[in-house]
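Chemist: Need coordinates for the below:
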Amino acid sequence: MTQPVTTDRQDSQANTTPSILGWPQLVGLGLVLFVLHEIARENFLLFHVLVELLRIVILGGVFILAWHTRVWSHNGFLLTVGMAAFWIAGLELLHTLTYKGMGLTALGGVLDDPNLPTQLWVAFRLLEATALLLAALLIRATLRPLLVFIGFGLAALALLGTIIVGIFPTSFVEGSGLTRFKILAEYTAIGLFAMAIVLLLRHRRHFEPGVHSMLVASLLFAILTSLAFTRYGSVFDIANEVGHYLLLISAYLVYRALLATGLVAPFALLFRTQKQHEAQLEALVDERTARLVESQSLNRAFIEHSPAVIFLTDLDGRYTLVNPAFEELVGQPRQTILGKTVFDLMPHETAEESDRNNRAARQSGKPIIRNETIDLADTSHLFETVHFPLFDNEGVLIGSGGIATEVTEHRQSEARYELMIQTSMDAVVLIRDDGRLIEVNDAACNLSGYEHEEMIDMDIFQLDARLDRLQITAQMQRIREEGGTRFETQWRSKDGTLRDIEVSVNALSEGRRGHLYFSFIRDITERKATMERIEHLAHYDPLTDLPNRAFFEQLAPAALRHTKARSRARLLFYVDLDNFKDINDSLGHLAGDELLREVARRLREFPADYRLICRFGGDEFLMLVEVNHDLNIAAYAQRLRTVLSRPLTIEEHQIVVTASIGVTAFPADGDDLGTLLRNADMALHAAKEDGRNTHRVLTPAMRESATERIMLISKLRSALANHEFELNFQPQIDLTSGRIVGAEALLRWNQPDLGRVPPDRFIPLAEESGLIIDIGAWVIDQAIETAADWRSRGLGELVMAINISAVQFRRDDLAQQVTATLARTNFPGANLEMELTESSLIDDTDRLMATIAALKRRDVKLAIDDFGTGYSGLTYLRRFAVDRLKIDQSFVRDIAEDDSKALIIAVIQMAHSLGLTVIAEGVETSSQADYLVRLGCDQAQGYRYGRPMTAEAFENALVDQASP
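Modeler: Predicted structure coming up:
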């Protein structure tokens, strides 16, 4: 038989009916089930995928059979089942892909929920049972296949839609098993299958006997399958496995009934018919080729004497005509060439290119022009070839031909010219071995200021302002040996100005004629100026142009050592402007900025020897001055206050600014900068307590005020043991998607007697006392454990950022602790980020480098916190493999102002050029966020997106984000 179903039983009986299910098939089925059983014992997920894919392939075959026979087949059963099979297979494929364990954990793990594949199972089983029942009802009906296809498609999409939006009832609960709805749905499917069996038995005369028996048996096994799937309590238990065996047997019976009998015989007949057609086609090709050869005789003289390579081929690519030029090209006589293909005569790559062009001409039906390269006998030939189709007198395509003209020399010259044109955005010069310029483009003329004719008469030695003739000659020698290089130098323009340039040069050998040097030159003057500005901004305050805090801390130790060697003293003045906030609030930030610049100018002009000044932050300044030991410190400080309090006019307002000054002496009050700063801060605090607009020199009484600090340190020592610390988490947002991509762990101290102690009050004390080591270790463990817990519950691949104290970072055991915690929690190092201040990296010790290397081996990220307020050395970014920069909130707060915006732009551009991510801190308003998006910032955090919150509150935010 050639069809799975027939409208006349007598017709089917007239043909020889092969056995479609005998002992060989049963043995084969048994072996397959045995292999699947062994697979299920080792990997149930693989077993499930194999069974489902076999069914999907069978359903696809049923659909293909029905679709391709829809025009001449009027059997309603085949058309109904076939049109439905496409959509049933689609739902079953989704069921397979979402099965628990497949690894599809997108949307926070929603696709790894066992309820989803169970719902999809119910959907396609009900659709399948309905389709079989309708097929049995409509076996003699006249159907419109496309409408049936669309109808089942709408039903399938409706079922899928109810599952996606959550309307479809729950079918499986992890830990509880099948729901009542799932069991009722299986019994509904059983009922539909049973009704289909009854109808098939009533209409058995419309089926070939073997096919009818297989279909009924398939439905019986489908019923058993549904019964089995009412019993399992886990997606991997034995009832589930048995159900899949029954499902596979049911599918195999469909395969034997519909596909094996409905496809093999028709396609065998089709294959025999195709071979007959191929034989007829070959005979026709031979006839057309003979006629083509006859028609070419009139043009033989032209072809024989043409210097161009001429050839004709038949539809199989065999040469039917070649001229002497072609014979000379391949080095073979015509008798040997004719009848061969290009693959028999040319190198493989050349043959593929020529054959592809011949076929393109035949397919397009018109001539095409191609450039082709032929490598023969160690020589390379470049041809411009016209490929054209050949037609007989009746317009039938009979082959193709080609006329190839060698253009090797012409194309070489043209390629050099095109190379310069294609790189016209950069300056391009072509240089000989003697340094002479033989070709330049317009960009080179614009860069140098010379006209084209002037540059052609020059050599490279006249343009280079950094290297002399001997150096350039030696460099050209290295380029010839290495083939090419890239370097930076300077060009002297015609008007004498110097331009920084980046040169990329490659050498091309021209044999005995020497070498040519293709030089691509880019003007980097502005880029270098920008980098120098960035470097300056990294060391100096952008508003006052004074050294910033980190740079001051780098320079001050050397200044103290210099003073000590000269047996002199140093005074550290800690200057804090009084009521500066009132000026900002009343006159605006621009007026405040102008005031700060004026204060900086007065500090520079104040008479002093060997001074070092910095803007310490906000309205605070430091001035380290070398003086004699017998200097009257009080009088000197009073002079400074007098200079600072001179009236000044800002925006037509006359302002008198006073200052509170704390003074400490080196070495009397401390022999290092840290001690001097602490003591100066004590003195400044005393000056403020005394009503401001005054100065105070450190006294023993001020040191007594440190008692409070000692008390705080004492309470801090027991805080960890008493469980007084907790972690809050502030979200870090991707500015492009608006999603939470990270969390910064923030330490909080809830002291029973003092209440919540601010971090800026206790963390410095913890660092000074060394308690930060144990506290920091606790923070690392808690933060990683919390992040690992979120990750294990499918709440996203977040980056957990932890602030690391400089004291803690220099410990040898930091990397060991982090590695141990990562291993214990199974948390990936790539999801952990250590935040450091720039001052942490100033001391470039071997221990520091070893710690960073150990962390990098675990893929831990490194971020620089408050970038732009400290030293910001570019060498640190390279040396320590920094991954992310955090822009300080002070710049974000003043982002609308030119200086802050310029710094942010510079930081972002620099970071991106180095492959770093940039995150902005302290984003509080929508306008600040919009500015950052426009400036290309990657991420942000701040009150605009969320305040620091407990782990539970942050977890709720992640759950909300993961919800569809």
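
Chemist: which strands and helices sit next to whichever strand or helix holds L199?
Modeler: Assessed by DSSP states H and E, L199 sits inside helix 180-202. Contacts defined by 3 or more C-beta pairs under 8 Å, 6 or more residues apart in numbering; DSSP states H and E place helix 180-202 against helix 115-137, helix 209-228. For glycine as for every other residue, the C-beta is placed from the backbone atoms N, C-alpha and C.

Chemist: How about the last one, which residues are buried there?
Modeler: So that's helix 209-228. Going by neighbour count (16 or more other C-beta atoms under 10 Å), the buried part of helix 209-228 is 210-228.

Chemist: So, low pLDDT: which residues of the stretch 151-300 of the chain?
Modeler: 233-236, 258-281, 283-300 (pLDDT under 70).

Chemist: could you pull out the strands for the stretch 701-850 of the chain?
Modeler: Listed in chain order, the strands of the stretch 701-850 of the chain (DSSP state E, counting those that start in this stretch) span 725-734, 740-751, 755-757, 799-803, 832-837.

Chemist: In the shortest one, which residues are buried?
Modeler: When burial is assessed from 16+ other C-beta under 10 Å, strand 755-757 yields the following buried residues: V757.

Chemist: Give me the contact list for it.
Modeler: L712, R748, W749, N750, Q751 (C-beta atoms under 8 Å, 6 or more residues apart in numbering).

Chemist: So for L246, which of the strands of the stretch 701-850 of the chain sits nearest?
Modeler: With C-beta to C-beta, the closest approach to L246 among the strands of the stretch 701-850 of the chain belongs to strand 740-751: 46.3 Å.

Chemist: before we move on, the earlier item: could you dump the helices and strands packed on helix 180-202 to JSON lines with distance to P367?
Modeler: Shown next, in JSON lines, are these (distance: least, C-beta to C-beta, whole Å):
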{"stretch": "helix 115-137", "distance to P367": "54"}
{"stretch": "helix 209-228", "distance to P367": "56"}
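
Chemist: quick one: stretch 566-585 to chain centroid distance?
Modeler: In terms of C-alpha atoms, centre = their mean, to the nearest Å, the gap separating the centre of stretch 566-585 from the centre of its chain is 48 Å.

Chemist: from now on call the first residue 38
Modeler: Sure, I'll start numbering at 38, so the last one becomes stretch 603-622.

Chemist: What average pLDDT does it get?
Modeler: Mean pLDDT, computed over stretch 603-622, is 84.

Chemist: can you tell me the distance between the two ends of that stretch?
Modeler: This stretch, stretch 603-622, spans 46 Å end to end (C-alpha to C-alpha, to the nearest Å).

Chemist: list the buried ones in that stretch?
Modeler: Neighbour counts over stretch 603-622 (16+ other C-beta under 10 Å) mark 605-615, 617, 620-621 as buried.

Chemist: which one of these is nearest F81?
Modeler: Ranked by distance to F81 (C-beta to C-beta), the buried residues of stretch 603-622 are led by N621 at 68.7 Å.

Chemist: ok, and the closest one, which helix or strand is that part of?
Modeler: Assigned by DSSP H and E, N621 falls within helix 617-624.

Chemist: Pull the distance from the helix or strand just after that helix to the chain's centre.
Modeler: Downstream of helix 617-624, the next assigned helix or strand under DSSP H and E is helix 626-642. On the basis of C-alpha atoms, centre = their mean, helix 626-642 sits 45 Å off its chain's mean C-alpha point.

Chemist: Just the CA atoms of helix 626-642, as PDB, please.
Modeler: The C-alpha atoms that make up helix 626-642 are tabulated as PDB, following Å, rounded to 0.1, in the frame of the first residue of the first chain:
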ATOM      1  CA  HIS A 626      26.700  77.300  44.400                       C
ATOM      2  CA  LEU A 627      28.400  79.500  41.800                       C
ATOM      3  CA  ALA A 628      29.100  82.100  44.500                       C
ATOM      4  CA  GLY A 629      30.300  79.400  46.800                       C
ATOM      5  CA  ASP A 630      32.700  78.100  44.200                       C
ATOM      6  CA  GLU A 631      34.000  81.600  43.600                       C
ATOM      7  CA  LEU A 632      34.600  82.000  47.300                       C
ATOM      8  CA  LEU A 633      36.500  78.700  47.500                       C
ATOM      9  CA  ARG A 634      38.700  79.800  44.500                       C
ATOM     10  CA  GLU A 635      39.500  83.100  46.300                       C
ATOM     11  CA  VAL A 636      40.400  81.300  49.500                       C
ATOM     12  CA  ALA A 637      42.700  79.000  47.600                       C
ATOM     13  CA  ARG A 638      44.400  82.000  45.900                       C
ATOM     14  CA  ARG A 639      44.900  83.700  49.300                       C
ATOM     15  CA  LEU A 640      46.500  80.600  50.800                       C
ATOM     16  CA  ARG A 641      48.900  80.400  47.900                       C
ATOM     17  CA  GLU A 642      49.900  84.100  48.400                       C
END
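
Chemist: Give the buried residues for it.
Modeler: By neighbour count on 16+ other C-beta under 10 Å, the buried set for helix 626-642 is A628, G629, D630, E631, L632, L633, E635, V636, A637, L640.

Chemist: need these in a markdown table with distance to R293, can you?
Modeler: Shown next, in a markdown table, are the buried residues of helix 626-642 (distance: C-beta to C-beta, whole Å):
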| residue | distance to R293 |
| --- | --- |
| A628 | 91 |
| G629 | 88 |
| D630 | 87 |
| E631 | 92 |
| L632 | 93 |
| L633 | 90 |
| E635 | 96 |
| V636 | 95 |
| A637 | 92 |
| L640 | 97 |
